[in-house]
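K.L.:
Sharing a sequence plus its predicted fold:
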Amino acid sequence: MADATATAGTPTDGLDHKHWIVPVLVALIGVFMSILDSAIVNVAIPSIMTVFNTDASGVEWVSTAYMLAMGMIVPMSGWMGEKLGVKELYIWSLVAFTAGSMLCAAAWNLESLIAARVIQAIGGGMLMPTVMAMIYKLVPRDKMGGAMGIFGIALIFAPAIGPTLGGWLVEYVDWRWIFTINLPVGIIGVLLAVFMIPEFKHEGKVGKFDLPGAITAAVGFAGLLYVLSKGNEWGWTSEETILTLVGSLGVLLIFILIELWSPSPLLDLKVFLYPSFTYANIAVVITTIGMFAGLFYIPFFLQSIRGLGAMETGLMMLPGALASGLFMPLSGALYDKFGPKVVMVVGLVLMASMTWMFGTISLDTSLATIVLWNVGRGLAMGLSMMPAQTAAMADLPPQLISRATSVISIIRNVASSFGIAMMTVLLTQRNTLHHERMTDALSPDNLAYTGFLTDNPVAGPSMIASHLAKQSFVAGIQDVFLLTAAFTLLAVVPSLFLKKAIKTSKPAGGHAPAME
């Protein structure tokens, strides 16, 4: 074997890699802001509709434009990280996100707000894969579990506190402050990054920009994310949905062929030749779908069925997020000691168990019980999410790290959108089925039913209709959680094939022998 080295992106020789915690924490400022912003905006939608005198179909582009722009920019982040350097790309991404936040806060109409959200997304979309690449270049492989545990705090904690913070700002301050609060944090984050994140050397030539790959990736991924978000509204068997879905998948097939033949691919699909990367991403897809069922439908139940406000719901979700965030570093330490298999299997079994408990939720379930179950899910998420993302890079050569983090971000975005769409379809179908069954049971032979109508001739029918709607909806949510619990256990299979990185004192982006 030739004694070649893969040094692209290697940190400066003067950096003490024992002190990686501070630069990682600094880098997480950008990731936390980006994820928090995605979660916080939805709370302000009613206020935005009122201020700009628009309807739901218009204001939905405040979120949709952000999502589509992120889907288009993420595939390019790996190449840009190699071209500019991960530190430089991180700083410019954070600058773009902060500038976009300032423009959002100053928006004078709906169109200007949507345009500013696109600028936000261009920066926000590149922050997560860039920070992941930075971590793998900074941190020794035998400490990677601890580093990704810290990274996971932002991943879990930000979407949980978003509704609470957003609800408070909208209710007691002004909706524009959901963007204004990003400005001081973003400025401080940029200054800290300039001085506290080390430089990374540029060695070796970066390939030409893959323009055909960039165009097909942008169109394909944006179209796929869009149809996943609109499918329930359009109808999954409608002509509009089928044409958009088939067209997006067709463009993505062309993209894959381009990448396989390109001498300088935008996304290097060779990463899937490494078993740990492939198995880990299968596990990530499954656990992401399972995770979002809880993050999406628990607040939905609390607000739609139990009548809680957005801020109250956020406070209800907060203990689970705190449990998950606090447990992430411990999960990382367990990963470094035992490897990914044991930690992830225990986490998946716990997540499936707690999700199964949510399958018994009812109109009478106490709020304290819901919080307790959610804390259990939070602990499980801390155990099951981080090991897969860390193990994905276990046997990748350093020169593929930047491209691999882009792939992971894309897979996570598509999996979360697909999971929500799939579970919403299931909820709608099961809700309709349960409602029909409950309605059929209300026959003239049902003495309790006829007696109630006799005693309440005016309000009785509407009261029964309201109760049936709630009961059928709860029954549908129960089915969603039960299916999700069983589905989550499928991730145990690929988890058994994960392996820990080879123990080394060098960072993942340091010198490594080339493969034959």
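P.N.:
Received, thanks.
K.L.:
Lowest-scoring secondary structure element of the chain by mean pLDDT?
P.N.:
helix 447-455 (a mean of 63; mean pLDDT, DSSP states H and E).
K.L.:
immediately after that one, which helix or strand?
P.N.:
Sequence-wise, the next helix or strand downstream of helix 447-455 (DSSP states H and E) is helix 460-489.
K.L.:
Buried residues in that next one, which are they?
P.N.:
Using 16 or more other Cβ atoms under 10 Å as the burial criterion, the residues of helix 460-489 that qualify are 464, 468, 471-481, 483-485, 487-489. Every residue, glycine included, has its C-beta placed from N, CA and C.
K.L.:
Show the average pLDDT along the host helix or strand of residue 129.
P.N.:
In the assignment (DSSP H and E), residue 129 maps to helix 110-138. The pLDDT scores in helix 110-138 average 90.
K.L.:
Flag every buried residue along the next helix or strand after that helix.
P.N.:
Counting by DSSP H and E, the next helix or strand C-terminal to helix 110-138 is helix 144-172. Buried positions in helix 144-172, judged by neighbour count with 16+ other Cβ under 10 Å: 144-170.
K.L.:
now swap in stretch 73-84 and tell me
P.N.:
Of all the residues in stretch 73-84, those buried under the rule 16+ other Cβ under 10 Å are 73, 74, 75, 76, 77, 78, 79, 80, 81, 82, 84.
K.L.:
For residue 442, state which of the residues you listed is nearest.
P.N.:
residue 74 (50.7 Å; Cβ to Cβ).
K.L.:
Quick check: that closest one touching residue 413?
P.N.:
Yes - between residue 74 and residue 413 there is a contact under Cβ atoms under 8 Å: 7.0 Å.
K.L.:
so what's the closest residue to residue 109 other than its chain neighbours up against?
P.N.:
Nearest residue to residue 109, sequence neighbours excluded (Cβ to Cβ, 6 or more residues apart in numbering): residue 52, at 6.0 Å. Residue 52 sits next to 59, 109, 110, 113 when contact means Cβ atoms under 8 Å, 6 or more residues apart in numbering.
K.L.:
Tell me the helix or strand right after the helix or strand containing residue 23.
P.N.:
Element membership for residue 23 (DSSP H and E) is helix 21-40. Scanning forward in sequence from helix 21-40 by DSSP H and E, the next helix or strand is helix 45-51.
K.L.:
which helices and strands does that next one pack with?
P.N.:
helix 56-59, helix 61-73 (3 or more Cβ pairs under 8 Å, 6 or more residues apart in numbering; DSSP states H and E).
K.L.:
The last one versus helix 110-138: what angle between them?
P.N.:
So that's helix 61-73. If you take axes from the mean of the first three to the mean of the last three Cα atoms, to 10 degrees, helix 61-73 sits at 40 degrees to helix 110-138.
K.L.:
Pull out the C-alpha coordinates of helix 61-73 and format them as PDB.
P.N.:
Extracted in PDB, the C-alpha atoms of helix 61-73 (Å, rounded to 0.1, in the frame of the first residue of the first chain):
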ATOM      1  CA  TRP A  61     -44.900  30.100   1.400                       C
ATOM      2  CA  VAL A  62     -43.200  31.700   4.400                       C
ATOM      3  CA  SER A  63     -42.400  28.100   5.500                       C
ATOM      4  CA  THR A  64     -42.500  26.400   2.100                       C
ATOM      5  CA  ALA A  65     -40.000  28.800   0.400                       C
ATOM      6  CA  TYR A  66     -37.600  28.200   3.300                       C
ATOM      7  CA  MET A  67     -37.900  24.400   3.000                       C
ATOM      8  CA  LEU A  68     -37.400  24.400  -0.800                       C
ATOM      9  CA  ALA A  69     -34.400  26.700  -0.700                       C
ATOM     10  CA  MET A  70     -32.800  24.400   2.000                       C
ATOM     11  CA  GLY A  71     -33.500  21.400  -0.200                       C
ATOM     12  CA  MET A  72     -31.800  23.100  -3.100                       C
ATOM     13  CA  ILE A  73     -28.700  24.400  -1.300                       C
END
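K.L.:
from here on, count from 213
P.N.:
Sure, I'll start numbering at 213, so the last one becomes helix 273-285.
K.L.:
Against which helices or strands is it packed?
P.N.:
Contacts defined by 3+ Cβ pairs under 8 Å, 6+ apart place helix 273-285 against helix 257-263, helix 322-350, helix 423-446, helix 613-653.
K.L.:
Would you mind finding the most buried of the ones you listed?
P.N.:
Ranked by mean neighbour count under mean count of other Cβ atoms under 10 Å, the helices and strands packed on helix 273-285 are led by helix 322-350, which reaches a mean of 25.
K.L.:
that older thread, of the helices and strands packed on helix 257-263, which is nearest residue 642?
P.N.:
Here helix 268-271 is closest among the helices and strands packed on helix 257-263 (Cβ to Cβ), at 25.0 Å.
K.L.:
Give me the residues contacting the closest one.
P.N.:
By Cβ under 8 Å, 6+ apart, the residues outside helix 268-271 that reach it are 257, 260, 261, 264, 322.
K.L.:
State the distance from the last one to residue 412.
P.N.:
It refers to residue 322. Note on residue 322: its distance to residue 412, by Cβ to Cβ, to the nearest Å, is 41 Å.
K.L.:
now swap in the fourth one and tell me
P.N.:
Using Cβ to Cβ, residue 264 is found at 43 Å from residue 412.
K.L.:
With residue 304 instead?
P.N.:
Distance of residue 304 to residue 412, given as Cβ to Cβ: 14 Å.
K.L.:
Against which helices or strands is the strand or helix carrying residue 465 packed?
P.N.:
For residue 465, the element it lies in under DSSP H and E is helix 451-473. The elements that helix 451-473 packs onto, with contact taken as 3+ Cβ pairs under 8 Å, 6+ apart, are helix 423-446.
K.L.:
what does the helix it packs on rub up against?
P.N.:
Residues from elsewhere that reach helix 423-446 (Cβ under 8 Å, 6+ apart): 276, 279-280, 283-288, 452-453, 456-457, 459-461, 463-464, 466-467, 470-471, 474, 477-479, 622, 625-626, 629-630, 632-633, 636-637, 640.
K.L.:
can you check stretch 691-710 too?
P.N.:
487-488, 491-492, 494-495, 498-499, 501-502, 505-506, 509, 551-553, 556-557, 560-561, 563-565, 567-568, 570-571, 573, 596, 599-600, 603, 606, 635, 638-639, 642.
K.L.:
With stretch 451-461 instead?
P.N.:
Residues from elsewhere that reach stretch 451-461, judged by Cβ under 8 Å, 6+ apart: 431, 432, 433, 435, 436, 438, 439, 442, 443, 446, 447.
K.L.:
Now flag whichever of those residues is closest to residue 405.
P.N.:
For these, the residue nearest residue 405 by Cβ to Cβ is residue 433; the value is 27.5 Å.
K.L.:
where does that closest one sit relative to residue 619, distance-wise?
P.N.:
Distance from residue 433 to residue 619, by Cβ to Cβ: 11 Å.
K.L.:
how about stretch 399-406: buried residues?
P.N.:
Those would be 401, 402, 404, 405, for stretch 399-406 by 16+ other Cβ under 10 Å.
K.L.:
Need the nearest residue in space to the second one, chain neighbours excluded.
P.N.:
It stands for residue 402. residue 306 (5.4 Å).
K.L.:
hang on, residue 294 packs against residue 614?
P.N.:
Yes - look at residue 294 against residue 614 with Cβ under 8 Å: they come within range, at 5.5 Å.
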